[in-house]
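> what would the 3D arrangement of this be:
(one chain, ligands or ions: 1)
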Amino acid sequence: MLKLVFSSSCRGHCLNTVAPRLRVKSDSNSLFDVVGRLTGLTRRSPTNSLSRAFFCSDSNDGSGSGSGSQPVVEVEVKGVESDSDGSDSKASSAIVPTYPRPEDYLTVLALPLPHRPLFPGFYMPIYVKDPKLLAALQESRKRQAPYAGAFLLKDEPGTESSPSSETEKSVYDIKGKELFNRLHEVGTLAQISSIQGDQVVLIGHRRLRITEMVSEDPLTVKVDHLKEKPYDKDDDVIKATSFEVISTLRDVLKTSSLWRDHVQTYSQHIGDFNFPRLADFGAAISGANKLQCQQVLEELDVHKRLQLTLELVKKEMEISKIQESIAKAIEEKISGEQRRYLLNEQLKAIKKELGLETDDKTALSAKFRERLEPNREKCPPHVLQVIEEELTKLQLLEASSSEFNVTRNYLDWLTVLPWGNYSDENFDVIQAQTILDEDHYGLADVKERILEFIAVGKLRGTSQGKIICLSGPPGVGKTSIGRSIARALNRKFFRFSVGGLSDVAEIKGHRRTYIGAMPGKMVQCLKNVGTENPLVLIDEIDKLGRGHAGDPASALLELLDPEQNANFLDHYLDVPIDLSKVLFVCTANVVDNIPNPLLDRMEVIAIAGYITDEKMHIARDYLEKTAREACGVKPEQVEVTDAALLGLIENYCREAGVRNLQKHIEKIYRKVCTTAHLKIMKEKLKVCNGY
Ligand SMILES: Nc1ncnc2c1ncn2[C@@H]1O[C@H](COP(=O)(O)OP(=O)(O)OP(=O)(O)O)[C@@H](O)[C@H]1O
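You can find the predicted model right below:
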């Protein structure tokens, strides 16, 4: 049992039920076999023709005189529809009763078709919303007269001809005379194949013409049965036109799979074929609008009908060509995009594997932009401009060129600097004092100066960079107090020693044109600390070297001078940096060795050596504690007496600073550790030997 469906949504026709087995005796050559041969469709063997021979038995009787192929209908109610409820199966089994014959129906119920006319030989499901009409249809089936007239509904005057202009429901709102006037005169005698709920499946049989209205509700009309005008089947023009229709159909079939399905289904169910049927078939499966289809239906001249159909299938051919080209273009686009995506993904994977991902220009730019984004608001406009210019340049450069690397490094430095980032300064004098005292004993002058600095900063609301120079003999705590000051002020700490420095580039940076060029110490410092207001300790400023190319002291001057350092220009960076918020602390052993212009700009705080009493305090409260912790000794384990410390200071550590004293204390603790360890080992040995 077969169930084959024509796409009714696009064509409006449907082969939607099972054909009862009718034997159609026909010796006419099937045109669809010709189409099948041309398109490679398999031709059914003659033995199969029994099961596929279904078509309205007298739909081709118009060719009577011409074709002379009048099929003999013998009803054999063998095949039954296996509907779910089974209610219709009986009814549908008697599709073509022997009596009365279809041509005997001269008064029929008129069914309005809103979308397309019904062609002989085609199925069409319709929804009958009018209960009266539905009841009448059911009644007529019961009376063994399952026929009605299906007529296309004319568009309402003034509305556009579109399939959606009239819904199924509103069609059945029109009744009586109004409906009669809205129906096209020519329609189709339709066999009611099945009724399921409000769905009625019609099979087109033959053409009808309305002559008069018999009753209004449900609309019943008197009809004339129409026959095709006699034609000569050997007429060359008709033959040529039909061959052209077939050839066009064949071309469409090549491209449109939907049509292929239609023809295959149709050819399996249609046995004989002739010119009028070919015309009907072409028009029925074309996507032409309802009026064009109606025109074909109304045409009784076979040649004209073939011509009309040819027009429609040619148009269909054009549509299918456009459809094909659209499909091809979209397919190409999609496959091209997919290919590119795949290749890109592969490229990414390869780069990742080889560690080359950073060389990707776009990824690099994205990285730099991402890094800059949090500081963009605070970043000075001139720097932003340079960054944007360099980013554009980066995109234009060849990734393998040396210039590319220079630009990449430059951008790396430009974007990594903490533009406008400051650490929250501590303006609490008491807290600062506590921190300073925690770390160092004495050093009153230094501490006082720092507290003054904080107090001024608090009153002003902002602190200005200063240059403080701590001078004194080695080991008096110049460097360590610098770290302590940074902690007290809550600034980041950076130390660099300029002892023996003779290259100006160390301070001012190299020009970017040199291979391996680097920015100066100050830019490195900013990158390191991540804030623009760190405490920078410049150690051993009195031991600054003398360069053969340029004077480091002068470069340092530019760096330290509060007047100039608001716009400090590093050779590498090439954009001014604001260093005015940086607190510079320099250390020197001998002030006299500091170049005069530098010394002039500094606030020198001299730290003299410590006296014995001070050393005692430092040793007891700071040095001993640090040394003990460093050696992992607990306070209760060792006791260093004052006499011992005094002896150490007076006899062994007579220098001004406390570095030597610190070393001796550390030495004592190391010795204590070793002795204690040896003692424990001896005890263990004694135990082992049985003493
Ligand atoms: N007043 C102090 N209180 C506590 N510790 C101190 C004090 N002065 C110095 N020290 C300690 O002495 C050690 C040496 O100090 P530091 O290295 O800062 O000396 P310096 O003056 O910088 O020497 P140099 O001039 O040789 O660089 C440090 O461990 C430091 O903690």
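> could you use CA atoms for every contact and neighbour count after this?
Fine.
> so which bits of the longest strand anywhere in the chain are buried?
The longest strand of the chain (DSSP state E) is strand 199-215. Within strand 199-215, the residues that count as buried by 16 or more other CA atoms under 10 Å are 200-210, 213.
> pipe the residues you listed into TSV and attach pLDDT and distance to T641 per row.
Shown next, in TSV, are the buried residues of strand 199-215 (pLDDT from 0 to 100; distance: CA to CA, whole Å):
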residue	pLDDT	distance to T641
V200	90	117
V201	90	118
L202	89	121
I203	88	123
G204	88	125
H205	87	128
R206	88	131
R207	91	131
L208	91	133
R209	92	134
I210	91	134
M213	88	135
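> which elements pack onto the helix or strand that contains K679?
Secondary structure assignment for K679, by DSSP states H and E: helix 659-689. Packing partners of helix 659-689 (3 or more CA pairs under 8 Å, 6 or more residues apart in numbering; DSSP states H and E): helix 624-631, helix 642-651.
> hmm, it touching the ligand?
Yes: using CA under 6 Å from any ligand atom, helix 659-689 comes into contact with the ligand via R659.
> buried residues in that helix, which are they?
659-662, 664-666, 668-670, 672-673.
> ok, stretch 649-661 next?
Under 16+ other CA under 10 Å, the buried positions of stretch 649-661 are 649, 653-661.
> before we move on, what about stretch 181-195?
Neighbour-count burial for stretch 181-195 [16+ other CA under 10 Å]: 182-195.
> next one: that stretch to chain centre, how far?
Centroid displacement of stretch 181-195 relative to its chain, using CA atoms, centre = their mean, to the nearest Å, is 53 Å.
> for it, give the mean pLDDT please.
For stretch 181-195, mean pLDDT rounds to 89.
> nearest to the ligand among the buried residues of helix 659-689?
R659 (4.8 Å; CA to the nearest ligand atom).
> returning to that earlier point: skip ahead from the longest strand of the chain and say which helix or strand is next.
By DSSP H and E, the next helix or strand past strand 199-215 is strand 220-225.
> and that next one, which strands flank it?
The pairing partners recorded for strand 220-225 under DSSP bridges are strand 107-113 (antiparallel), strand 199-215 (antiparallel).
> could you point out the helix or strand that follows the first one?
Put plainly, it is strand 107-113. Toward the C-terminus, strand 107-113 is succeeded by strand 123-127 as the next helix or strand (DSSP H and E).
> list the buried residues in that next one.
123-127.
> can you spell out which helices and strands pack onto that strand?
Counting by 3+ CA pairs under 8 Å, 6+ apart, strand 123-127 packs on strand 199-215.
> now do the strand it packs on and strand 123-127, the angle between them.
Orientation check (axes from the mean of the first three to the mean of the last three CA atoms, to 10 degrees): strand 199-215 against strand 123-127 gives 80 degrees.
> which parts of the stretch 251-400 of the chain sit against the ligand?
For the stretch 251-400 of the chain, no residue is in contact with the ligand (CA under 6 Å from any ligand atom).
> which parts of the stretch 251-400 of the chain are helices?
Using DSSP state H, counting those that start in this stretch, the helices found in the stretch 251-400 of the chain span residues 257-269, 275-285, 290-298, 302-354, 361-372, 381-396.
> single out the most deeply packed of those.
helix 275-285 (a mean of 24; mean count of other CA atoms under 10 Å).
> could you export it as PDB, CA atoms only?
Taking C-alpha atoms only, helix 275-285 is exported to PDB below (Å, rounded to 0.1, in the frame of the first residue of the first chain):
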ATOM      1  CA  PHE A 275      -1.100  15.500 -25.100                       C
ATOM      2  CA  PRO A 276      -4.000  17.000 -23.100                       C
ATOM      3  CA  ARG A 277      -2.800  15.200 -20.000                       C
ATOM      4  CA  LEU A 278       0.800  16.300 -20.500                       C
ATOM      5  CA  ALA A 279      -0.500  19.900 -20.600                       C
ATOM      6  CA  ASP A 280      -2.500  19.400 -17.500                       C
ATOM      7  CA  PHE A 281       0.400  17.800 -15.700                       C
ATOM      8  CA  GLY A 282       2.900  20.500 -16.600                       C
ATOM      9  CA  ALA A 283       0.500  23.200 -15.400                       C
ATOM     10  CA  ALA A 284      -0.400  21.400 -12.300                       C
ATOM     11  CA  ILE A 285       3.100  20.800 -11.000                       C
END
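> contact residues of this protein facing the ligand?
Counting by CA under 6 Å from any ligand atom, the chain sits next to the ligand at 440-443, 473-480, 589, 618, 622, 658-659.
> among those, name the buried ones.
440-441, 443, 473-479, 589, 618, 622, 658-659.
> which two among those residues are spaced furthest apart?
Maximum pairwise distance in those, criterion CA to CA, is 22.8 Å, between N589 and Y622.
> please state the offset of stretch 486-498 from the chain centre?
The chain centroid and the centroid of stretch 486-498 are separated by 47 Å, computed with CA atoms, centre = their mean.
> repeat that for stretch 608-626.
Distance, centroid of stretch 608-626 to centroid of chain: 68 Å (CA atoms, centre = their mean).
> measure that stretch end to end?
23 Å (CA to CA, to the nearest Å).
> what's the answer for stretch 651-670, then?
Its first and final residues considered, stretch 651-670 spans 20 Å by CA to CA.
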